[in-house]
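# have a look at this prediction, sequence included:
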Amino acid sequence: SIPLRPCCLLAVGYIPNNTSSFCHRVTTDNLITMVLFVLCIKAELDGVESLSLLKNTNLCFSVRNPLSDYETREKIVFNPSETLEQDEGDREPPHHFAVRWEGQKKFSTLIVLDEDGAKSAFKKKMKKKGGKKKGGGEVDVPRDMTEDESGEYVPVLAMECRGIEPYEFYPLGNDFKVVSSGGAVFEEDVDLSEGDWGDYDEENDEAVGVNEFESKIVAV
């Protein structure tokens, strides 16, 4: 049998006597629903006007089966600017990552939303919830982090997931862009994998740094 999170039992509304066999049945395709996840980052900015996540480079996440405690895929890598090849007649929308969990006939998919897609998804979510946000203020449409938001969590990436739960993000060393307070752009080797990065804006004669980097993933 496949161990389930409590949300699985809540989704079906009751717990039958034979929980194990029932849970195995409900982990199939009829329970693959869409969930919106947002990657939020926090850092202390020094001499930095903005910190942004690049959308045309490889990104690394760990994901898991939301209906299972043991099915995971560690440190998967995908490029938000490239969707996977699909067979002709495939009914799934273009997606950036796919996995078929044990006991499922269909693939579970992850789609990175562009700006328009994220705005549309958030609008639908807000409408369903009566205009109320879930959680703190960081649960919002993704944007660049600015110097005024130093030390606060800021949303930078929205992902539409069906049957996949991303739970950890890993900077690879080339996935962020920094603009200094003087306007200098640093787009190569902004490595935040160790939590800190620094450089020097020669034109404006000032140090530039991103420190105490952290990230979390929030379900909207």
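Yep, that arrived.
# OK, contacts around the residue positioned nearest the centre of the chain?
In the chain, the C-alpha closest to the average C-alpha coordinate belongs to residue 39, at a distance of 4.1 Å (Cα atoms, centre = their mean). Going by Cβ atoms under 8 Å, 6 or more residues apart in numbering, residue 39 touches 53, 142, 155-159, 166, 169, 215-217. C-beta coordinates here come from the backbone N, C-alpha and C atoms, glycine included.
# burial measure for residue 72, as a count.
The tally of other residues near residue 72 (other Cβ atoms under 10 Å) stands at 15.
# who does the residue lying closest to it once chain neighbours are set aside bridge with?
Nearest residue to residue 72, sequence neighbours excluded (Cβ to Cβ, 6 or more residues apart in numbering): residue 64, at 4.3 Å. Judged by DSSP bridges, the bridge partners of residue 64 are residue 72, residue 165.
# and if you look at residue 34?
Residues in beta-bridge contact with residue 34 (DSSP bridges): residue 162.
# OK, contacts around it?
By Cβ under 8 Å, 6+ apart, residue 34 lies in contact with 160-162.
# so who does the nearest residue to residue 163 once chain neighbours are set aside touch?
Among residues not flanking residue 163 along the chain, residue 108 sits closest, at 2.9 Å (Cβ to Cβ, 6+ apart). Contact analysis of residue 108 by Cβ under 8 Å, 6+ apart lists 32, 65, 98-101, 161-164.
# any idea how far residue 71 is from residue 108?
10 Å (Cβ to Cβ, to the nearest Å).
# can you list residues touching both of those two?
Both residue 108 and residue 71 are in contact with 65, 101, where contact means Cβ under 8 Å, 6+ apart.
# where do the helices sit along the protein?
Counting by DSSP state H, the chain has helices at residues 6-12, 19-26, 115-128.
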